[in-house]
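> Sharing a model that was predicted from the sequence below.
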Amino acid sequence: MAIGAIRCAIESGLNVPTDISIMGFDDISLSSIFIPSITTIRQLIYELGQKAMESLVELIKGKEHVKDIIIPIQLVARQSTTKRI
């Protein structure tokens, strides 16, 4: 989505990040090599899946499961946003 947004911004005559800042989510591998490199949110996909599976197993066993699971995320600042982040 961020790559498409950057392309659309450039085609509209905007400069990324001078005129508009764009961020992605999930830190796909292309984010770091795309020009401009994309600022993104990195989440721990493996841990997310592991917690989901643990919750599912608890549910199947009939045990009470935790409804709110918090998995830390990380901001990876790159060229597609200004330094104001």
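Noted; the coordinates are in hand. Predicted model, so just to flag it, every value in this text is computed and none were measured.
> Quick one: the helices in the chain, in order.
2-11, 30-33, 45-60 (DSSP state H).
> which residues sit against stretch 42-60?
25-27, 64-66, 69, 71-76 (C-beta atoms under 8 Å, 6 or more residues apart in numbering). (Each C-beta comes from the backbone N, C-alpha and C, glycine too.)
> Sorry, wrong one. I was asking about stretch 15-35.
Under C-beta under 8 Å, 6+ apart, the answer for stretch 15-35 is 1-3, 5-6, 9-10, 14, 36-43, 45, 76, 78-82, 85.
> Narrow those to those that are buried.
Burial by neighbour count, 16 or more other C-beta atoms under 10 Å: within the contacts of stretch 15-35 this picks out 2, 5-6, 9, 38-40, 42, 76, 78, 80-81.
> And the furthest pair within those?
Ala9 and Arg42 (22.6 Å; C-beta to C-beta).
> Would you mind listing the residues in contact with Ile73?
Per C-beta under 8 Å, 6+ apart, neighbours of Ile73: 41-44.
> Can I get those residues in TSV including pLDDT and distance to Lys51?
What follows is these, written out as TSV (pLDDT from 0 to 100; distance: C-beta to C-beta, whole Å):
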residue	pLDDT	distance to Lys51
Ile41	96	18
Arg42	96	16
Gln43	93	12
Leu44	91	9
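> Return the subset of the residues you listed lying in strands.
The strands, defined by DSSP state E, take in 41-43 from the contacts of Ile73.
> May I see those organised as JSON lines, with distance to Leu56 added?
Converted to JSON lines, the ones in strands among the contacts of Ile73 look like this (distance: C-beta to C-beta, whole Å):
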{"residue": "Ile41", "distance to Leu56": "25"}
{"residue": "Arg42", "distance to Leu56": "24"}
{"residue": "Gln43", "distance to Leu56": "19"}
